[in-house]
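Novice: Requesting a structural model of the entry that follows:
(one chain, ligands or ions: 1)
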Amino acid sequence: MKFFIDTANIDEIKEANALGILDGVTTNPSLMAKEGITGEENILNHYITICNIVDGPVSAEVIATDYEGIVKEGEYLATLHKNIVVKVPMILEGIKAIKHFSSKGIKTNCTLIFSAGQALIAAKAGATYISPFLGRLDDISVNGLDLIAQIRQIYDNYSFDTEILAASVRHPMHIIHCAEIGSDVMTGPLKAIKALANHPLTTSGLETFLADHAKGNK
Ligand code: E4P
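Specialist: Take a look at the predicted model:
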């Protein structure tokens, strides 16, 4: 399973990248605003900065919601760097735009996926990735992991190339369950990625090993 980090924070992206297990980055307009990145020029420059740190797909989200606007914005975003993936919202105008991008070889990430039907039409349009938001479904008492499993089955039934990018990941167990289901990618916060390394028996075991080594080498 590929690991993407879901942030626009440069320090966190650098820290995750330094671990050597980072495959890509996802951003969205809310994450950009959280970092104080506003204004078109600053936003575009921020994408380039991220692309220069991580050698992998970097999702850059369009703001337009009409077909012509999405195509214009997406085609421009795709010129910024070879690793840019145009993030398009799951709306019918977005589906049309994804079909267009797919025919031109521009990679896409269809975002705000909350149902299997949405995942199906995004795949038929040729989306490179689809982003089911599992944490936001959990927030409203709907099992987000069940959706990931349902999409996995549908994509496998028809050998769709579209990759399932589990998004809105909140904690390490989400990551582990996504891996069990066979999600192609997960995107999550740095905290959840780092938490995968923790185990109290590892901590206490290492303390004991180091203490015993110190005793024997006095
Ligand atoms: C997906 O690409 C989104 O950026 C993201 O995962 C949304 O997560 P949230 O529900 O924590 O905002």
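Novice: What segments of the protein are strands?
Specialist: 2-6, 24-26, 58-61, 84-89, 108-113, 129-132, 163-166, 185-188 (DSSP state E).
Novice: Spatially, and excluding backbone neighbours, which residue is closest to the residue positioned nearest the centre of the chain.
Specialist: Nearest residue to the geometric centre of the chain (Cα atoms, centre = their mean): Thr187, 3.5 Å. Leaving aside its sequence neighbours, Thr187 sits nearest to Phe4 (Cβ to Cβ, 6 or more residues apart in numbering; 3.8 Å). All C-beta spots, glycine's among them, are computed from the backbone N, C-alpha and C.
Novice: List the contacts of the one you found.
Specialist: Contacts for Phe4 (Cβ atoms under 8 Å, 6 or more residues apart in numbering) come out as 22-26, 56-57, 59, 165, 185-188.
Novice: again, only this time at 6 Å
Specialist: Taking Cβ atoms under 6 Å, 6 or more residues apart in numbering as the criterion, Phe4 is in contact with Gly24, Val25, Thr26, Val185, Thr187.
Novice: and the fourth one, what pLDDT?
Specialist: It stands for Val185. pLDDT, Val185: 98.
Novice: Surely the residue nearest to the centre of the chain and Asp6 touch.
Specialist: Yes. In this structure Thr187 lies within contact range of Asp6 using Cβ atoms under 6 Å: 4.2 Å.
Novice: joint contacts of those two?
Specialist: Between them, Thr187 and Asp6 have Thr26 as joint contacts when contacts are counted by Cβ under 6 Å, 6+ apart.
Novice: hang on, the earlier thing: tell me which two of the contacts of Phe4 sit farthest apart.
Specialist: Val25 and Val185 (11.4 Å; Cβ to Cβ).
Novice: More neighbours: those two, which one.
Specialist: Neighbours per residue, other Cβ atoms under 10 Å: of Val25 and Val185, the larger number sits with Val25, 28 against 21.
Novice: Leaving out the residues flanking it, which one is nearest to that one?
Specialist: Nearest non-adjacent residue to Val25 (Cβ to Cβ, 6+ apart): Val58, at 4.7 Å.
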